[in-house]
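1. Turn this into a model:
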Amino acid sequence: MVESPRKSRKKKPDLTPLVEEVTDRLIIENGYDAIGIPREIIRRLVLEIVEGIASQMSSKPKPGPVFNRIKRNIHLFEKALTAKLAENVDELTGDMAEFIITRNPEFSSRIAPLLYKRLVDLGRNDLIEILREQWNGIHQEFYLYCPKCGFKSLTPDFKCVICGYGPSEEEIREFNRIDQLLEDFIDTLDAESLKKLQAAGFFYFSSKIRIPDSPREPGESLFFLSKRDKARIIARLHEIGENL
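-> All right, here's what the predicted structure looks like:
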């Protein structure tokens, strides 16, 4: 019985020269060297792309078409690059952090606590301001600003998810102008609502102030009425000809 010859395995092409050439062109044309992005991070990302392209081709891909393909989708490439850089946040330079923040705002917002800590260490208040604006614009689930970092990032139980600070109720009221908001709110209430608020001794706050006439809802913070608040309620009742 004659044995059938073994099928020869197709030898994988050496992609190293192609990867090196595309990597160098990307670094030069996009100024990644000036930013200080490590070449190895860019090379590894290019290698992933090239291997993906090569797996779909019968012949070895050429540098020109690969480079042009990446350039056409440079925004996607740089989003992936920001994620690679962020794997070692503690090693970021100011320029690298700026690259992440400006090239991929949604991603930088997701890792804002880590970026904030690094930017504080670097003394980059300018980038902290940009990060703060991005965060406040994207995250609508928070209603209170942190007195320490200035981000709109306090949880309902008064814990900052950005810097970790736990401010007092007094600090929060002052920084977020809660007293003025409450005073304006009191001025809109009728006698019955004023009495309900006074009897409760506290109020809820999210996107607006609410009398606690129903259970606390997700996202709402609880603030106790101060002596000043109670005095304002009584004064308002007198203004509309009512007594407590």
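2. so what's the most centrally placed residue in the chain up against?
-> In the chain, the residue lying closest to the centroid (Cα atoms, centre = their mean) is residue 109, at 1.7 Å. Residues near residue 109 by Cβ atoms under 8 Å, 6 or more residues apart in numbering: 131, 134, 135, 138, 139. For the C-beta atoms, the positions are set from N, CA and C on the backbone; glycine is no exception.
3. What about those residues, which are in helices?
-> Residues of the contacts of residue 109 located in helices (DSSP state H): 131, 134, 135, 138.
4. Could you turn the buried ones of those into a ChimeraX selection?
-> A single ChimeraX command is used to select the members of those judged buried by 16 or more other Cβ atoms under 10 Å:
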select :131,134,135
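5. could I get the ones in helices among the contacts of residue 109 as CSV with distance to residue 36?
-> Output for the ones in helices among the contacts of residue 109, formatted as CSV (distance: Cβ to Cβ, whole Å):
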residue, distance to residue 36
131, 19
134, 22
135, 25
138, 27
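6. of the ones in helices among the contacts of residue 109, closest to residue 203?
-> Set against residue 203, the nearest of those by Cβ to Cβ is residue 135 (26.5 Å).
7. okay, now residue 175: neighbour count?
-> 16 (other Cβ atoms under 10 Å).
8. Correct me if wrong: it contacts residue 149.
-> No: counting by Cβ atoms under 8 Å, residue 175 stays clear of residue 149, with 11.0 Å between them.
9. picking that back up, can you tell me which of the ones in helices among the contacts of residue 109 is nearest residue 99?
-> residue 131 (12.9 Å).
10. What residues does the closest one make contact with?
-> 101, 108, 109, 112, 115, 116, 119.
11. Tell me which helix or strand the first one sits in.
-> Yep, that's residue 101 we're talking about. For residue 101, the enclosing helix or strand under DSSP states H and E is helix 94-103.
12. which outside residues touch that helix?
-> Contacts of helix 94-103 (Cβ under 8 Å, 6+ apart): 34-37, 75, 78-79, 81-82, 85-86, 92, 107-108, 115, 118-119, 122, 124, 127, 130-131, 134.
13. let's see 6 Å
-> For helix 94-103, the surrounding residues in contact (Cβ atoms under 6 Å, 6 or more residues apart in numbering) are 35, 36, 78, 82, 85, 108, 122, 124, 127, 130, 131.
14. what sits against residue 35?
-> Residues in contact with residue 35, defined by Cβ under 6 Å, 6+ apart, are 95, 99.
15. Also residue 85?
-> Contacts of residue 85 by Cβ under 6 Å, 6+ apart are 96, 100.
16. can you offset everything so residue one is 14?
-> Yep, numbering from 14; the last one is residue 98 now.
17. Which helix or strand contains it?
-> Judged by DSSP H and E, residue 98 forms part of helix 87-98.
18. can you tell me the average pLDDT over that helix?
-> Mean per-residue pLDDT for helix 87-98: 96.
19. all helices for this protein, in order.
-> Going by DSSP H, the chain shows helices at 29-43, 45-48, 52-67, 76-85, 87-98, 107-116, 118-123, 125-135, 138-151, 182-188, 191-199, 204-213, 240-252.
20. Farthest-apart pair in the contacts of residue 144, please.
-> Applying Cβ to Cβ across the contacts of residue 144, the maximum distance is between 122 and 132, 13.5 Å.
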